[in-house]
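Novice: My questions concern the predicted model and sequence given below.
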Amino acid sequence: MMAPEQDDEQELHPRGRPRVPVDYPVQFTGDEGSGYGTVTNLTLAGGEVDSQVQLPIGARVCLHVQPPGARPPIIITLAIVRWKQGDRFGIEFIRFEGTAKDQLKDMLNQREGPAQD
């Protein structure tokens, strides 16, 4: 198992896609714990959650992200906690429910502009 210092450093590595700043309520559930928080930034591959409930690195969770307005929640059926620091943790999205990935992609494109693949 890696030392916490090494896990925190992972946050500093550049990512393939820029994170889009957001402020969306999120509910998460898993074997290691469950709770509520706020997603503070997103990509198609993952995001950052601010929550009083802390999960261990490697925890597997299901997420329900609530976008603004009357949009349906974006359901990520499997996400893994990759780092944590204070009241924040980073998650990698592994599996989406139904069309949730397309829904997230459309939402991010509206906030950021056209995708640059």
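Specialist: Structure received.

Novice: Only C-alpha atoms from now on, for both contacts and neighbour counts.
Specialist: Fine.

Novice: residues contacting the spatially most central residue of the chain?
Specialist: What sits nearest the mean C-alpha location of the chain, by CA atoms, centre = their mean, is G47, with 3.1 Å. Neighbouring residues of G47 by CA atoms under 8 Å, 6 or more residues apart in numbering: 19, 39-41, 90-92.

Novice: between those, which is nearest T77?
Specialist: Top of the list for closeness to T77, among those and by CA to CA, is E92 at 11.5 Å.

Novice: What score does that closest one have for pLDDT?
Specialist: Listed pLDDT for E92 reads 98.

Novice: What distance do you get for it to A70?
Specialist: Using CA to CA, to the nearest Å, E92 is found at 26 Å from A70.

Novice: Ok, Q103 next?
Specialist: 13 Å.

Novice: Mind telling me what element the residue lying closest to S34 once chain neighbours are set aside is part of?
Specialist: In space, S34 comes closest to F28 once its chain neighbours are excluded; the distance is 5.3 Å by CA to CA, 6 or more residues apart in numbering. Assessed by DSSP states H and E, F28 sits inside strand 20-30.

Novice: Which parts of this protein are strands?
Specialist: 20-30, 33-42, 46-50, 60-65, 74-85, 88-96 (DSSP state E).

Novice: Which of those strands sits closest to N109?
Specialist: With CA to CA as the yardstick, what comes closest out of these is strand 20-30 (9.5 Å).
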